[in-house]
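Peer 1: Return atomic coordinates for the entry below.
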Amino acid sequence: MIARFLSACCLLVLAIACRADAAWAPRPDWSAFFEQAGAQGTIAVVDERDGRQWVHDEARARTRFVPASTFKVPHALIALDAGLVRDEFQVFRWDGVDRDLAPWNRDQDLRSSMRNSTVWVYQGFARALGAARERDYLQRIGYGTADPSGDIERFWLDGALRISAIEQVAFLRRLYRNELPFRVEHQRLVKDILIVEADRDWILRAKTGWAGRTEPQVGWWVGWVERPEGAVFFALNIDMPRGIEDAPKREAIARRALQSIAALP
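Peer 2: Here you go, the predicted structure:
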């Protein structure tokens with residue numbers, strides 16, 4: 001009964017979000033940021049300071065791609081809710097296997113695993129949860145296709161899970177308001193470990209993602225900037241034909257778009 005009620009609430013929230021995203025205004029000036037970076041992609045921005053919604057390439061912003069490591073945001077919430085993570089201090093022991101990125105080759109906690117985007121920590125969560133529980137959580141939060149089909153350790157990297165930039169923004173807005181079907185303290189903890197930068201009057205919370213085994217390879221940067229007058233949410237994705245060489249373009253393009261509306265200095 002409770003699960004059905006939560007699912008109904010989730011569907012209602014999604015329906016409201018879908019109606020709210022009907023008035024996306026194009027930003028032709030943002031095309032220059034993509035062109036100068038030599039990148040194809042999209043960015044969707046919701047500015048709650050004045051209620052405006054901006055987009056570059058709306059068709060792509062509504063197209064679903066694998067979330068890659070941006071899925072660590074809901075995955076951390078799921079792991080906390082399922083009792084796989086006690087708190088931010090719990091240590092996940094490195095298995096001694098050398099992986100491509102040096103920061104992965106050490107013990108991790110929830111904060112470092114988010115900051116370093118340590119895939120093996122979240123693969124452990126996925127194995128412990130299993131496909132059925134992952135699907136149930138995905139459906140409860142209405143996350144993109146909500147489909148964990150494929151390799152249980154990779155469904156968010158190159159499996160069936162897909163989400164659009166506009167859906168990413170809708171999810172982040174719910175997290176910002178503690179409106180997801182998780183304990184408030186868990187949502188607050190995940191928001192805390194998403195902090196990238198902060199100054200006296202703003203906080204940037206964000207997560208990168210890179211789907212390196214898809215065609216084309218896709219890179220993400222999603223998050224929001226908190227300001228006293230309101231939050232500014234964003235979700236960018238780009239093609240990354242050169243792989244890791246294209247990675248810096250994600251933040252560079254999004255930062256220029258956010259600076260153009262005075263969301264970031």
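
Peer 1: helix/strand/coil for Lys207?
Peer 2: Following DSSP: H, G, I helix; E, B strand; the rest coil, the label given to Lys207 is strand.

Peer 1: now do Tyr122
Peer 2: Taking three-state DSSP, the label given to Tyr122 is helix.

Peer 1: And the one 5 residues further on, by the same measure?
Peer 2: Taking three-state DSSP as the rule, one finds Arg127 in the helix state.

Peer 1: which residues touch it?
Peer 2: Arg127 makes contact with 152-153, according to CB atoms under 8 Å, 6 or more residues apart in numbering. C-beta: built from backbone N, CA, C; applies to glycine.

Peer 1: Do a quick rundown of the helices in the stretch 151-265 of the chain.
Peer 2: Per DSSP state H, counting those that start in this stretch, the stretch 151-265 of the chain carries helices over the ranges 165-176, 184-193, 247-260.

Peer 1: If you could redo that for the stretch 1-150 of the chain, that was the one I meant.
Peer 2: Using DSSP H, counting those that start in this stretch, helices in the stretch 1-150 of the chain cover 2-20, 31-37, 58-61, 72-81, 110-115, 119-141.

Peer 1: just for the stretch 1-150 of the chain, where's the confidence low?
Peer 2: Along the stretch 1-150 of the chain, segments meeting pLDDT under 70 span 1-22.

Peer 1: at 90 instead, please
Peer 2: Scanning the stretch 1-150 of the chain for pLDDT under 90 picks out 1-22, 100.

Peer 1: Flag every buried residue along stretch 35-50.
Peer 2: Residues 37, 39, 41-48 are the ones in stretch 35-50 that count as buried (16 or more other CB atoms under 10 Å).

Peer 1: Off-centre distance for stretch 43-62?
Peer 2: Averaging C-alpha positions (CA atoms, centre = their mean, to the nearest Å) puts stretch 43-62 16 Å from its chain's average.

Peer 1: Extract the C-alpha trace of it and format it as PDB.
Peer 2: Taking C-alpha atoms only, stretch 43-62 is exported to PDB below (Å, rounded to 0.1, in the frame of the first residue of the first chain):
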ATOM      1  CA  ILE A  43      22.300  22.400 -21.800                       C
ATOM      2  CA  ALA A  44      19.000  23.000 -19.900                       C
ATOM      3  CA  VAL A  45      18.800  25.600 -17.100                       C
ATOM      4  CA  VAL A  46      16.000  26.400 -14.700                       C
ATOM      5  CA  ASP A  47      16.600  29.700 -13.000                       C
ATOM      6  CA  GLU A  48      14.300  29.900  -9.900                       C
ATOM      7  CA  ARG A  49      15.400  33.500  -9.200                       C
ATOM      8  CA  ASP A  50      12.900  34.600 -11.900                       C
ATOM      9  CA  GLY A  51      11.200  31.300 -13.000                       C
ATOM     10  CA  ARG A  52      12.800  31.300 -16.400                       C
ATOM     11  CA  GLN A  53      13.800  28.100 -18.200                       C
ATOM     12  CA  TRP A  54      16.600  28.200 -20.800                       C
ATOM     13  CA  VAL A  55      17.800  25.600 -23.300                       C
ATOM     14  CA  HIS A  56      20.300  25.100 -26.000                       C
ATOM     15  CA  ASP A  57      19.100  22.400 -28.500                       C
ATOM     16  CA  GLU A  58      15.800  21.500 -26.900                       C
ATOM     17  CA  ALA A  59      15.400  18.400 -29.000                       C
ATOM     18  CA  ARG A  60      18.600  17.000 -27.600                       C
ATOM     19  CA  ALA A  61      17.700  18.200 -24.100                       C
ATOM     20  CA  ARG A  62      14.700  15.900 -24.300                       C
END
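
Peer 1: what comes into contact with it?
Peer 2: Residues external to stretch 43-62 that are found in contact with it (CB under 8 Å, 6+ apart): 21, 23-27, 30-31, 34, 41-42, 164-166, 168-169, 173, 227, 229-237, 253-254, 257-258, 261, 263.

Peer 1: just to revisit the earlier point, tell me which of the helices of the stretch 151-265 of the chain lies nearest to Arg133.
Peer 2: helix 184-193 (16.3 Å; CB to CB).

Peer 1: Counting by contacts, list what the closest one packs against.
Peer 2: When contacts are defined as 3 or more CB pairs under 8 Å, 6 or more residues apart in numbering; DSSP states H and E, helix 184-193 packs onto helix 72-81, helix 110-115, helix 165-176.
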